[in-house]
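>>> when you get a sec, could you give me coordinates for this:
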Amino acid sequence: MADAGSKPATSTKHRNALNHSKPTQTSNHAVCAASSLTSLTVSNGLDRASSRHNFVTSVQSLSSSLDHLGTHECRAFRTTLLSKHFTLADGLCSNYAEIAKSKSYVEANRNLLNIDKRLCIHDLKLSDDEASLKDFCKRQANECRIITERLNYNATALQECTTIAAKYQINAPKPKDYSGDAYPCLKRLMSDKWWRRKILRLQRKTIESVARDLGMVCQQRSAYASQKAIDKRQRQKLNNREYLESTYIENELGQRYALSDLHDKSVSNPRVRRAELMTRIKGFEMVADQLGHVGEFYTITTPSRMHARLKRGGRNPNYDGTTPDQAHRHLTDLFCCIRAKLHREGLDIYGLRVVEPNHDGTPHWHLLLFMPESSVKAVRHIFKDYALRDSPNEKGARKHRFTAKAIDPTRGSAAGYVAKYISKNIDGEHISTDLNGNDSTQTASAIDAWASTYNIRQFQFLGGPSVTVWRELRRLANSPEALPPDYPSSLHQAIEACDSAEWAAYVMLMGGPNMRKSDRPIQTLYEPRTSIDYSTGEIDTEQVSQYGDIKAPKLVGITVQASQIITRLRRWTIVAAKAAAGAGGRLAPPPRAAALDLCQ
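Below is the predicted model of the structure:
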């Protein structure tokens, strides 16, 4: 059965014999007919001829393992496409053999051609190396620049550049997102950095989705994410660490910190993140106890058609090609409908949502929710009703699509129940293996790569007050000089609760769960930005982005009873390691600094 989802069919019939050396179909009807062949191109981004030769030899070796399948034209067809996408050649070969044996070599050819179409969008080949993609992005940015300058930045220029972006499945920026101004949109389309960010993200998602469809993401090979995605994520984190350790921030007093030190003390550190999540969920549990509410643990999965692989690793015959991010959007839209229905019925819930992948990368949701006991039956009914609106009659749907468990305080706390899911999805601490028997640390690394590849938010709290206010109040606890002499006692109580990591007390002081953000007694304070320095009448370049639009408002403090309190007292600037070093080549010792909380 599909892991944690509705139960799909578990077997398929072999419609053709295993020996395809003498196929019954003629080449005139085969997908690999000579007319469909393209020229053989091997682009590996390497200058050395020996490396190129090794790649070609490896591809030819893989291709020859399929020589007993299909016709002579099929062999040339396969070699062409395997060479074109040599980074996926191993998975392509395994997948080809699997389809040819379970269906026919014609179906295998069609599938190979379909994968080629997914990886090649006009003249963009997503299986290319990063250097080739950077060159592609420069060409597109330059083409947009020529069009924009020729048409003098008018609406027609934006329309033509938007068409170019859409050609490569890229959503172009829209003027409505920049106060109706088309200039920032055109500046982005003229930027090779903007193109590179979009194209590399498209590449990551597409290649990982293809790898998943090829069976490279499953319990039997690499659970949750492909090994390529895991390795790429690890390299990215190493590069990020090098940057953090070689970069400093400094304020007007000369206080200086390495970004790596600040990272390790912030929620960017997995240990700190896990600790804060557990603090908040334990606080919600205490709030529920105080209000007489009960806890419920729900799991929502996707229909069988969205699962690429069966639990034992075989192809799911019901799979329709849905990618993990598309499946996540399906669950997100579903939950939006559920929350709207709950709101219409006057049913309030609060708690935590966790998103994690099945062994084949298909997402499912866990929700730890608190509510009045009188609401439990209605809430369960609404969740199940909406969860079963898609493919309700498929085998296993009513059993697996939505499950609900009541949290029994006599058998353990709600926080303890969800702790394993939080740890599994962050760093794997305090658990040895996951449900599939994989090492917890490796599991956490794979899930992190999965979430990063598909840009999926793993954790989201529901119904609680702002965590940004919580962090700003903790900042105030370390800088009492920022407090006005006549601040209200309610603020003092909130600061004490946050400084003591008492999320339950903070929630109640902020009005309890499920209160409108605008009605909360303490709110965030943002400083609006303006592109003009009114004291001089000049353009303030620090307030304008590299694309010409005004930067987003800056968080500077909080508001309490119409009073504004500034929590960010210093102005910090980025300093590279070389600039921060002294004359002797060593880093000059900074003056005694305030608590690190002040510059996080």
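>>> give me the low-pLDDT residue ranges for the stretch 51-200 of the chain?
Across the stretch 51-200 of the chain, residues meeting the criterion (pLDDT under 70) sit at 51-57.
>>> give me that answer again for 50
Within the stretch 51-200 of the chain, the stretches falling below the threshold (pLDDT under 50) are 51-53.
>>> now do the helices in it.
Applying DSSP state H, counting those that start in this stretch to the stretch 51-200 of the chain gives helices spanning 72-84, 89-102, 105-119, 130-150, 155-167, 183-189, 192-213.
>>> got the buried residues for the host helix or strand of Lys377?
Lys377 belongs to helix 376-387 when elements are defined using DSSP states H and E. Across helix 376-387, burial judged by 16 or more other C-beta atoms under 10 Å covers Val376, Val379, Ile382, Phe383, Lys384, Tyr386, Ala387. (Glycine included, C-beta is placed from N, CA and C.)
>>> will you turn those into JSON lines that also has pLDDT and distance to His359?
Converted to JSON lines, the buried residues of helix 376-387 look like this (pLDDT from 0 to 100; distance: C-beta to C-beta, whole Å):
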{"residue": "Val376", "pLDDT": "97", "distance to His359": "31"}
{"residue": "Val379", "pLDDT": "98", "distance to His359": "29"}
{"residue": "Ile382", "pLDDT": "97", "distance to His359": "29"}
{"residue": "Phe383", "pLDDT": "97", "distance to His359": "24"}
{"residue": "Lys384", "pLDDT": "96", "distance to His359": "25"}
{"residue": "Tyr386", "pLDDT": "97", "distance to His359": "25"}
{"residue": "Ala387", "pLDDT": "96", "distance to His359": "21"}
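>>> give the helix, strand or coil label for Lys405.
The three-state label for Lys405, taken from DSSP: H, G, I helix; E, B strand; the rest coil, comes out as strand.
>>> how about Leu352?
Criterion first, three-state DSSP; result for Leu352: strand.
>>> from what I see, it and Phe284 are in contact.
Yes: shown here, Leu352 and Phe284 form a contact pair, counting by C-beta atoms under 8 Å, at 7.3 Å.
>>> per the annotation, how does this structure divide into domains?
With domains defined by automatic domain parsing, the chain comprises 14-121, 130-205, 270-462.
>>> OK, contacts around the most centrally placed residue in the chain?
Closest to where the C-alpha atoms of the chain average out (C-alpha atoms, centre = their mean) is Asn455, at 1.7 Å. The contact partners of Asn455, by C-beta atoms under 8 Å, 6 or more residues apart in numbering, come to Arg201, Asp325.
>>> and it, backbone torsions?
Main-chain torsions, Asn455, degrees, to the nearest 10: phi 60, psi 50.
>>> okay, it: pLDDT?
In this model, Asn455 is scored at 95, pLDDT.
>>> can you give me the strands in the stretch 151-300 of the chain?
247-250, 256-258, 293-300 (DSSP state E, counting those that start in this stretch).
>>> quick one: distance of the shortest one to the chain centre.
It refers to strand 256-258. Relative to its chain's centre, strand 256-258 lies at 29 Å (C-alpha atoms, centre = their mean, to the nearest Å).
>>> so of the domains of the chain, which one's packed in deepest?
domain 270-462 (a mean of 18; mean count of other C-beta atoms under 10 Å).
>>> figure out the length between the terminal residues of that domain.
Start-to-end span of domain 270-462 (C-alpha to C-alpha, to the nearest Å) is 21 Å.
>>> stretch 494-506 too?
Start-to-end span of stretch 494-506 (C-alpha to C-alpha) is 6 Å.
>>> what comes up buried for that stretch?
Buried residues in stretch 494-506, counted by 16+ other C-beta under 10 Å: Ala494, Ile495, Ala497, Cys498, Ala501, Glu502, Trp503, Ala504, Ala505, Tyr506.
>>> include secondary structure, distance to Ile121 and pLDDT when you put those into CSV, please.
CSV is the format used below for those (DSSP: H, G, I helix; E, B strand; the rest coil; distance: C-beta to C-beta, whole Å; pLDDT from 0 to 100):
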residue, secondary structure, distance to Ile121, pLDDT
Ala494, helix, 52, 95
Ile495, helix, 54, 94
Ala497, helix, 53, 95
Cys498, helix, 49, 95
Ala501, coil, 49, 94
Glu502, coil, 53, 96
Trp503, helix, 47, 97
Ala504, helix, 51, 97
Ala505, helix, 54, 97
Tyr506, helix, 49, 97
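>>> widest-spaced pair of the residues you listed?
Ile495 and Ala504 (15.6 Å; C-beta to C-beta).
>>> that older thread, export the domains of the chain to a markdown table and append columns for distance to Glu481.
Compiled in a markdown table, the domains of the chain are given as follows (distance: least, C-beta to C-beta, whole Å):
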| stretch | distance to Glu481 |
| --- | --- |
| domain 14-121 | 55 |
| domain 130-205 | 38 |
| domain 270-462 | 26 |
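>>> among those, single out whichever gets nearest to Ile539.
For these, proximity to Ile539 was assessed by C-beta to C-beta; domain 130-205 is nearest, at 13.6 Å.
>>> distance between the ends of that closest one?
15 Å.
>>> stretch 304-317 too?
Start-to-end, stretch 304-317 (C-alpha to C-alpha) is 9 Å.
>>> chain center to that stretch: distance?
With C-alpha atoms, centre = their mean, you get 22 Å for stretch 304-317.
>>> now do stretch 190-198
19 Å.
>>> give the residue spans of this protein that score low on pLDDT.
Applying pLDDT under 50 to the chain flags residues 1-30, 33-53, 583-586, 588-600.
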